[in-house]
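>>> Just need the structure, nothing else, for what follows:
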Amino acid sequence: MLSLGRLFLVVTTLLFGAASGVMASERGTHAWSTDPLTLFAGPGTAYDVTGFIAEDLPIMVLRCTELWCHVDGPGGRGWSVKQSISFGLSPDDWPFDIHPDYPSGGVICLYTGTHYTGAELCLGTGRVVHDFQLLGLDNVFSSVKVFDTSAAACRDRDFQSYCERIIDSQPVLDQYLVRALSSIRVY
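Numbers count the residues shown, from 1 in each chain. Predicted structure coming up:
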């Protein structure tokens with residue numbers, strides 16, 4: 001049960017947004033700073049500097065353009081260059097890296113329900129879906145079965161935002177991908 005003070009804080013934040021980087025974002029995509037980030041008031045160096053975030057720190061990405069992302073983390077909230085942000089599980093774990101122990105050459109099946117229930121979509125090796133929205137299947141999958149292969153699965157279209165290398169079946173997708181999967185590459 002929320003206390004009256006906590007409820008007021010939640011409502012105020014929803015209505016007016018967080019005024020600064022003092023309050024950590026609860027919504028957004030988890031990511032990492034791969035280099036020190038200079039934060040700007042807008043997407044470009046012409047804007048005022050709003051803060052700095054050291055490298056190898058967890059951050060929340062609130063939205064991105066082609067070259068810039070609006071981020072929140074220790075050091076503030078603001079826009080920083082996208083090339084200095086990793087959307088992998090950790091700063092060094094990028095899901096598109098080739099590892100000899102990752103299986104390839106099989107099939108992956110996605111399910112709309114948890115524990116392999118609901119509608120099923122199976123994809124074979126070499127299949128790439130840049131945007132499930134174009135298939136009318138954006139943000140619908142909740143579980144995955146893996147048959148002798150692996151896949152890079154991402155929260156946003158064109159392999160943006162939070163990504164994960166899936167090598168084992170998951171009765172419930174990762175908390176950042178469940179009903180939030182938008183692109184996939186099967187190896």
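>>> pretty sure Arg77 is touching Gly51, no?
Yes. Under the criterion of CB atoms under 8 Å, Arg77 makes contact with Gly51 at 7.1 Å. For the C-beta atoms, the positions are set from N, CA and C on the backbone; glycine is no exception.
>>> More neighbours: these two, which one.
A direct count of neighbours by other CB atoms under 10 Å for Arg77 and Gly51 places Arg77 higher, at 25 against 19.
>>> who does the strand or helix carrying that one touch, helix- and strand-wise?
Assigned by DSSP states H and E, Arg77 falls within strand 76-81. Judged by 3 or more CB pairs under 8 Å, 6 or more residues apart in numbering; DSSP states H and E, the packing partners of strand 76-81 are strand 37-40, strand 49-53, strand 68-73.
>>> before we move on, what SS does Gln133 have?
Secondary structure for Gln133, judged by DSSP: H, G, I helix; E, B strand; the rest coil, is helix.
>>> Now do the contacts for it.
Gln133 is in contact with Arg157, Ser182, counting by CB atoms under 8 Å, 6 or more residues apart in numbering.
>>> what do you get for Leu121?
Cys109, Leu110, Leu137, Phe141.
>>> isn't there a strand covering the first one?
Yes. Under three-state DSSP, Cys109 sits within a strand.
>>> what's the burial count for it?
Neighbour count of Cys109, defined by other CB under 10 Å: 16.
>>> thinking it is in contact with Thr149, fair?
No. Applying CB under 8 Å, one finds Cys109 not in contact with Thr149, separated by 10.4 Å.
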